[in-house]
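Chemist: coords please:
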Amino acid sequence: MDPADPGSLDLSNRVRSFLPEGPAQSMMLNGSMSLNFKCSVVPILPDILHLAWSSEFRLHLKLTAVYGVNLCASLIGVDLPQGGEYNPYPVVRRVNSFHTMAIDDDMEVGALGPYTDRPRVFPSMRSKPYKPLIFRVLMGVNIRVLLVLMLLGLGGIFYIGASTSPIIVFVFSVCIISFLLSIYLAKWVLAKDEGPPEMAQISDAIRDGAEGFFRTQYGTISKMALLLAVVILSIYLFRSTTPQQESSGLGRTISAYITVAAFLLGALCSGIAGYIGMWVSVRANVRVSSAARRSAREALQVAVRAGGFSAMVVVGMAVIGIAILYASFYVWLGVDLPGSMKVTELPLLLVGYGFGASFVALFAQLGGGIYTKAADVGADLVGKVEQGIPEDDPRNPAVIADLVGDNVGDCAARGADLFESIAAEIISAMILGGTMAQRLVSSVGVLSIRGTRDSGAKGAVEDPMAVLQKGYSVTIVLAVITFGASTRWMLYTEQAPSAWLNFALCGLVGIITAYVFVWITKYYTDYKHEPVRTLALSSSTGHGTNIIAGVSLGLESTALPVLVISVSIISAFWLGHTSGLVDETGNPTGGLFGTAVATMGMLSTAAYILTMDMFGPIADNAGGIVEMSQQPESVREITDVLDAVGNTTKATTKGFAIGSAALASFLLFSAYMDEVATFAHEPFKQVDIAIPEVFIGGLLGSMLIFLFSAWACSAVGRTAQEVVTEVRRQFIERPGIMDYKEKPDYGRCVAIVASASLREMIKPGALAIVSPVAIGVLFRILGYYTGHPLLGAKVVASMLMFATVSGILMALFLNTAGGAWDNAKKYIETGALGGKGSESHKAAITGDTVGDPFKDTAGPSLHVLIKLLATITLVMAPVFL
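Modeler: Numbering: from 1, shown residues only. Down below sits the predicted model:
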């Protein structure tokens, strides 16, 4: 399949899901297993045991195996079957001259009853479902045989874990419990109805587009990953090894294959994490829309629990993947046996896992971000500004592409983003500390997530943001408790009996940092606070003043987060430094590990953060489905409230992502210094930026951030231009669209934006991958001829340092400015400053259009970029020496 050919990407003809028709689908969609998701797993253990023995669970295990096989097929670019498309025009409609109210001709003459009683006819979305050969083979295998094979696999994993440490077994157990709970949540969400036929048809169109683009995109990414794996293998076959590795029998060949295997596993797991985020969102959106017809509380519950399913699986996968690699290498290499590798050197073999996760996350974020914002900008500029039709109006040819973009950009990309954040943090902390505490803390952090509880009297309406904030507060309390217990268990030492308390306080510093970051971002992006209202007020004087106010707000918003990061790093380092841990010469050694523990503390609430992030696009899609299916105004009011809250949660979770990226990058930089010292056989503790070559490396690092951001934003602009041209063409050539007499060609817009986003993501992604390697090799050659063997490593260290600082500041600016512009528009749409259609509203739409690539493409991609630079330098460190 050629990504550049729009015709080959007619994603409206894609298969909606892997789930086959028949008993399997019925099992997934019926039943009403409810779960009021609490903090402890003990009350639900009987339900888990009952679920494990049920025939439905056995069949779900078979389907899980099939999902995995089909995902692997999708990663190598398998073409998908043909199908139909969505038709939103069941009856002829016309509008008044101002396009403000749609009137059914049949309703006007009394031929139809009230809205809910009107007959609607929707054509079949797709042809006969396609079932690949491997799918049919697996479904034909006896369920008992498949169950035995899966149990043998789990038994093997636990055997390897038991051969390593009881802590590994505990980590495996917690992760498996999280998977079981996620299955429980998924069944609860999928048991909800999809509403009337028109809702289901729109949801099918969104699902087709999202899953089709995902498979095409990840097929492209997988080919690039395989190519990069060959390059890594070639480099490692000719690189140097440490004397310790040679003495333990770990030569170049074994080291090369271990690193490549870890890289591919990290890439695969990151891809699965992204798919899980997208899979749940395209199935939950219509159920949230349907629930909104009954109550706001039920709609909120469905959206949050759908996000909770994705969050638990993503975090659990990140932890269990590293634990399996660690335990497997531990047993295979005979770590800590006489004449074998030391346990403190084992984490260096895991850096490929973090690099693979970062590699996939970067391209997923770039491709998804370009897709979602190009479609959004194109739909807004022509539909809302030029034609004056509402958002998500079915007359807009780009509306389906816009709704698809929410899933592939916000859900799939964010799942991969947080996956690689957790993976990178764990690996860097293991390199610095050489302990298993970070895996334990990350695993128990999964259990700190909780769902919303029913609150208030029956019929009472509670602010959704208040419910989510209450849940986050409870999550923080649970994280503090589990963190304290974990540090006491894992980090107690007789050499320094009070050291565990210092490290527990380091974790508390990280948790507080996460909370403050969320609060700061909310202050600058929520229209309940002064900054966004001031930005909205500037729209009343024109488009230019709106842009000026938004840029200045974004620049100002960098100050408080930088101060918080500085205080947290210094506090955690000081607490670790004074913990009482010393080396053989009596020098304190706990400073860097204190910052590692603080990072673990910050990410201990990652599961709930991801839940809130997934809530946003699900609520946004739900609002679009309600609008396109022309539901009553009361339903749209509920989804509008959820959508507004979702905009705020998306912005706050981006703030959290920046803070965690900053702390994780500091750890990864320290881990890079340690690795260089190990391979160079000499101390490597400082980098002197007064050396001209080293200073140039810093300049190149900062330049990389600005150039990457420019290319990401310009990619959105070029793709949006294609969408705008196509939408304008359809309005001109099909004038009946505005009167509901002609149907827009949704599939054409979807194909254009999909093809363009895949093409545009290559350039900035290649820049991020190639630049650090090229800079390191170039200055290594220069150092060889000038008598400075470590010059390449020093220049790369300087580049990494400056790129991290510049990337953090740029990401803060882009994310906050974009979120503020978006919510300033939302504030005006509530009726303030003239409301919808006013001059202030038009100026706010311009600001929102400018902010779209800021907050959803360039900004989130920078989170991944600064961690990718650190992980790629870890993998390629021997090349710079």
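Chemist: tell me how far the ends of stretch 489-498 are from each other?
Modeler: Stretch 489-498 has an end-to-end distance of 12 Å (criterion: CA to CA, to the nearest Å).
Chemist: can you give me the buried ones in it?
Modeler: For stretch 489-498, a neighbour-count test (16 or more other CB atoms under 10 Å) marks 490-491, 496 as buried. Every C-beta, even on glycine, is put in place using the N, C-alpha and C of the backbone.
Chemist: residue contacts, Cys713?
Modeler: 853-854, 857-858 (CB atoms under 8 Å, 6 or more residues apart in numbering).
Chemist: which members of the residues you listed are the farthest-apart pair?
Modeler: The span of the contacts of Cys713, defined through CB to CB, is set by Phe854 and Thr857 at 7.6 Å.
Chemist: and the two? Which one has more around it.
Modeler: Legend: neighbour count by other CB atoms under 10 Å for Phe854 and Thr857, higher for Thr857 (33 against 30).
Chemist: hmm, Leu800 and Leu704 touching each other?
Modeler: No. Using CB atoms under 8 Å, Leu704 is not in contact with Leu800, being 10.2 Å away.
Chemist: overlap in contacts of the two?
Modeler: Leu869.
Chemist: who has more neighbours out of those two?
Modeler: Using other CB under 10 Å, the more surrounded residue of Leu704 and Leu800 is Leu800, with 28 against 22.
Chemist: phi, psi for the more buried one please.
Modeler: Phi and psi for Leu800, reported as degrees, to the nearest 10, are phi -60, psi -40.
Chemist: thinking again about what came up before, ok, the buried residues of stretch 489-498 vs Arg759, which is closest?
Modeler: Met490 (47.8 Å).
Chemist: gap between that closest one and Gly507?
Modeler: 11 Å (CB to CB, to the nearest Å).
Chemist: could you list the low-pLDDT ranges of this protein?
Modeler: 1-143, 146, 157-159, 161-165, 240-249, 336, 338-341, 432-462 (pLDDT under 70).
Chemist: which parts of it are strands?
Modeler: Under the criterion DSSP state E, the chain carries strands at the ranges 93-95, 102-104.
Chemist: from memory Ala598 sits against Val509, does it?
Modeler: Yes. At 4.9 Å, Ala598 counts as touching Val509 under the criterion of CB under 8 Å.
Chemist: what's the overlap in contacts for these two?
Modeler: Counting by CB under 8 Å, 6+ apart, the shared contacts of Ala598 and Val509 are 568, 571-572.
Chemist: of these, which belong to helices?
Modeler: Residues of the shared contacts of Ala598 and Val509 located in helices (DSSP state H): 568, 571-572.
Chemist: would you format those residues as a markdown table with neighbour count included?
Modeler: Below are those laid out as a markdown table (neighbours: other CB atoms under 10 Å):
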| residue | neighbour count |
| --- | --- |
| Ser568 | 26 |
| Ser571 | 20 |
| Ala572 | 32 |
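Chemist: turn the buried residues of stretch 489-498 into a markdown table, including distance to Val477.
Modeler: Listed next are the buried residues of stretch 489-498 as a markdown table, based on distance: CB to CB, whole Å:
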| residue | distance to Val477 |
| --- | --- |
| Met490 | 21 |
| Leu491 | 21 |
| Ala496 | 28 |
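Chemist: contacts only, for Ile512.
Modeler: Counted by CB under 8 Å, 6+ apart, Ile512 has contacts Ser568.
Chemist: Met876 too?
Modeler: 235, 772-773, 776.
Chemist: for the longest helix belonging to the chain, the distance to its chain's centre please.
Modeler: The longest helix of the chain (DSSP H) is helix 633-680. On the basis of CA atoms, centre = their mean, to the nearest Å, helix 633-680 sits 9 Å off its chain's mean C-alpha point.
Chemist: with stretch 871-881 instead?
Modeler: That offset, for stretch 871-881, works out to 26 Å (CA atoms, centre = their mean).
Chemist: need the distance between the two termini of that stretch.
Modeler: 17 Å.
Chemist: please identify the buried residues of that stretch?
Modeler: 871-881.
Chemist: isn't Val288 up against Gly616?
Modeler: No. In this structure Val288 lies outside contact range of Gly616 using CB under 8 Å: 11.8 Å.
Chemist: who has more neighbours out of Ala598 and Val509?
Modeler: Ala598 (30 against 27).
Chemist: burial count for the spatially closest residue to Ser428 that is not a sequence neighbour?
Modeler: Distances taken as CB to CB, 6 or more residues apart in numbering place Leu667 nearest to Ser428, at 3.8 Å, with adjacent residues excluded. By the criterion of other CB under 10 Å, Leu667 has 26 neighbours.
Chemist: which ones are touching Leu667?
Modeler: 425, 428-429, 432, 592, 595-596, 599.
Chemist: how about those residues in CSV, adding neighbour count and distance to Thr678?
Modeler: Listed next are those as CSV, based on neighbours: other CB atoms under 10 Å; distance: CB to CB, whole Å:
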residue, neighbour count, distance to Thr678
Glu425, 28, 20
Ser428, 33, 14
Ala429, 29, 17
Leu432, 25, 12
Leu592, 22, 15
Thr595, 30, 20
Ala596, 33, 18
Thr599, 35, 22
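Chemist: tabulate these (JSON lines), appending distance to Leu350.
Modeler: Supplementary listing: these in JSON lines, determined by distance: CB to CB, whole Å:
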{"residue": "Glu425", "distance to Leu350": "12"}
{"residue": "Ser428", "distance to Leu350": "10"}
{"residue": "Ala429", "distance to Leu350": "11"}
{"residue": "Leu432", "distance to Leu350": "13"}
{"residue": "Leu592", "distance to Leu350": "18"}
{"residue": "Thr595", "distance to Leu350": "19"}
{"residue": "Ala596", "distance to Leu350": "15"}
{"residue": "Thr599", "distance to Leu350": "16"}
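Chemist: in helices, which of these appear?
Modeler: 425, 428-429, 432, 592, 595-596, 599.
Chemist: surely Tyr515 touches Thr475?
Modeler: No. Judged on CB under 8 Å, Tyr515 makes no contact with Thr475 at a distance of 10.0 Å.
Chemist: so which of the buried residues of stretch 871-881 are in helices?
Modeler: 871-876.
Chemist: state the pair within the contacts of Met876 that is farthest apart.
Modeler: Ile235 and Pro772 (13.4 Å).
Chemist: neighbour count winner among these two?
Modeler: Pro772 (25 against 16).
Chemist: and Val288 and Gly616? Which one has more around it.
Modeler: Val288 (31 against 27).
Chemist: what is the burial count for Gly818?
Modeler: Neighbours of Gly818 (other CB under 10 Å): 29.
Chemist: does it touch Thr857 like I think?
Modeler: No. Between Gly818 and Thr857 there is no contact under CB under 8 Å: 9.2 Å.
Chemist: which ones are touching Gln217?
Modeler: By CB under 8 Å, 6+ apart, the neighbours of Gln217 are 363-364, 367-368, 408, 757-758.
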